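# got a predicted model here, sequence first, then my questions.
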Amino acid sequence: MFCPQNGALYDVISKRQTKLPLPCSGVSFSVREMALAGVRVIELAGLAPAPFCGMILSDFGARVIRVDRTKVTMAMDSQARGKRSVALNLKSPQGVAVLKKLCLQADVVLEPFRKGVMEKLGLGPEVLLEENPRLIYARLTGYGQSGSYAKAAGHDINYLAMSGLLSMLGRSSEKPYAPLNLMADFAGGGLMCTLGIVLALLERSKSGQGQIIDASMVEGAAYVGSFMWKSRSLGLWNRPRGENLLDSGAPFYDTYQTSDGKHMAVGAIEPQFYEQLIQGLGLDAASLPPQLSMSDWPELRRTFTQVFAQKTQAEWSKIFDGTDACVTPVLPLDEAGSHPHNRERGSFLMDAQGEVSPRPAPVLSRTPAHPCLSRDPVVGEHTRSVLEECGFDSAHIEQLLSAGIVECNEAKARL
Ligand SMILES: C[C@H](CCC[C@@H](C)[C@H]1CC[C@H]2[C@@H]3[C@H](O)C[C@@H]4C[C@H](O)CC[C@]4(C)[C@H]3C[C@H](O)[C@]12C)C(=O)SCCNC(=O)CCNC(=O)[C@H](O)C(C)(C)COP(=O)(O)OP(=O)(O)OC[C@H]1O[C@@H](n2cnc3c(N)ncnc32)[C@H](O)[C@@H]1OP(=O)(O)O
């Protein structure tokens, strides 16, 4: 994979820095070819969702400047690749003036705070859009910019609960559980906000106008889950939680432990795939209850549980690989990248620190993302260079530094 910042190429498989033809185009490329090349983003440092949005934008070529607080030692942002960091005290008028100047030259400002915080700082949309009418002002919150909860604190599980979806997640006779902080923070939050920003950029290319994006994680998560609402008429969710086709109720849509304590995932919904599942398990279909006989699902699950427990995950993978039985190994994070299919596609990358993580998705054929693989920025590492690019002269920068309005940690970054 390629790092636009330092031009390095890293081969994920051999774990060596090397000059490889790029997996997508096979030829060298320049940063300008990425889809978001030239887009300038000001990301105000926040928790998981906004940093994810900033990382996606950076992966696809945007120049993301993350505005960190001063007097913090470590960034909370583990999704910082490709970003530059400016440490700026927004609780000072001079700090606000610096941010305004950065936003004058930006295409996007992304703020992760609860409703009203930016207005309190004198950095609300009215102010920034007045100064830069082309600015796309993205507001990523839990509950949105209106409504009785708008100013309430919360986290992924709260937003997922308010979306309606959490009520559907969990096994029969167990309480609802949140699938990590995936649904509201990331799917309905960071990713949905990214969609909003890209839509607004596209629209601006016709209108020349910026606009405000009110990205509520409650609404984003619910929107991602639209299928749940729109498929109720199909009878997919008529039974209690955990007793339906796709919520762990159906034995042919579930996971099973193997003899080596690992698991296999089974998704054999259609009859023609279910038939191959039964064959792979070595069972006689005639001796089993009908696939869709819900009252027999507990018995069918017991049968599948007993059979899967007889072989290792590798043995079952050997049996089911290459079939349409819809049976796959449940891979832990540190094995997903080395599975043959994922390796063949280069679905995971290794950065300069040897950390493996997913490559950006989706893959665009002509202008693919090429995430930066060098280390994450130190808080305030790029303060001086960013301010210089923005037109601050050295005397002004020194004054801001000595007044503690900004911090510059170039030296620390070189340690
Ligand atoms: C499930 C996830 C949450 C996962 C979080 C984990 C990833 C992290 C949680 C704990 C972290 C670890 C811990 O901190 C210890 C280590 C620390 C070390 O540095 C790093 C490693 C750690 C192990 C660290 C690792 C991880 O980071 C953790 C495990 C979620 O659900 S995230 C989604 C949360 N919700 C939202 O984002 C919705 C919108 N936001 C909000 O509702 C609020 O922001 C929120 C999240 C409720 C927080 O409320 P809070 O009162 O704290 O802030 P706000 O009201 O938004 O106001 C912000 C104030 O900050 C001022 N400000 C902002 N920028 C600056 C600046 N540059 N200079 C000066 N001041 C600034 C701003 O003016 C506001 O001030 P006021 O309050 O006075 O208005």
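Yep, that arrived. Numbers count the residues shown, from 1 in each chain.

# residue contacts, the residue lying closest to Gly122 once chain neighbours are set aside?
For Gly122, ignoring the flanking residues on the chain, the nearest one in space by CB to CB, 6 or more residues apart in numbering is Val96 at 5.3 Å. Quick note: C-beta positions are derived from backbone N, CA and C, even for glycine. Val96 makes contact with Leu90, Leu121, Gly122, Leu123 under the criterion CB atoms under 8 Å, 6 or more residues apart in numbering.

# go on, His339?
His339 neighbours (CB under 8 Å, 6+ apart): Pro329, Leu331.

# ok, back up a step: ok, and of the contacts of Val96, which contact the ligand?
Among these, the ones lying near the ligand by CB under 6 Å from any ligand atom are Leu90, Leu121.

# from the contacts of Val96, which two are the most distant?
Farthest pair in these (CB to CB) is Leu90 and Gly122. Separation: 9.2 Å.

# settle it for me: which of these two has more neighbours?
Comparing Leu90 with Gly122 by other CB atoms under 10 Å, the one with more neighbours is Leu90, at 21 against 14.

# local confidence estimate at the residue in the stretch 251-400 of the chain positioned nearest to the ligand?
Of all residues in the stretch 251-400 of the chain, the one sitting closest to the ligand is Val379 (9.3 Å; CB to the nearest ligand atom). With respect to pLDDT, Val379 has a value of 96.

# is it in a helix, a strand, or coil?
Secondary structure assignment for Val379 (DSSP: H, G, I helix; E, B strand; the rest coil): coil.

# now Thr328
strand.

# what's the burial count for it?
Counted with other CB under 10 Å, the neighbours of Thr328 add up to 17.

# that one - nearest residue in space that isn't next to it in sequence?
Ala265 (5.1 Å).

# quick one: residues contacting that neighbour.
Shown in contact with Ala265 (CB under 8 Å, 6+ apart): Asp254, Thr255, Val327, Thr328, Pro329, Val330.

# out of those, who has the most neighbours?
That'd be Val327 among the contacts of Ala265, by other CB under 10 Å, with 24 neighbours.

# give the contact list for the nearest residue to that one once chain neighbours are set aside.
Among residues not flanking Val327 along the chain, Phe320 sits closest, at 4.0 Å (CB to CB, 6+ apart). Each residue near Phe320 by CB under 8 Å, 6+ apart is listed here: Met264, Gly280, Val327, Thr328.

# ok, now which ones touch Ser394?
Applying CB under 8 Å, 6+ apart, one finds that Ser394 lies in contact with Glu388.

# pLDDT and distance to the ligand for the contacts of Phe320 - can I get that in a markdown table?
Output for the contacts of Phe320, formatted as a markdown table (pLDDT from 0 to 100; distance: CB to the nearest ligand atom, whole Å):
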| residue | pLDDT | distance to the ligand |
| --- | --- | --- |
| Met264 | 99 | 29 |
| Gly280 | 98 | 39 |
| Val327 | 98 | 32 |
| Thr328 | 98 | 28 |
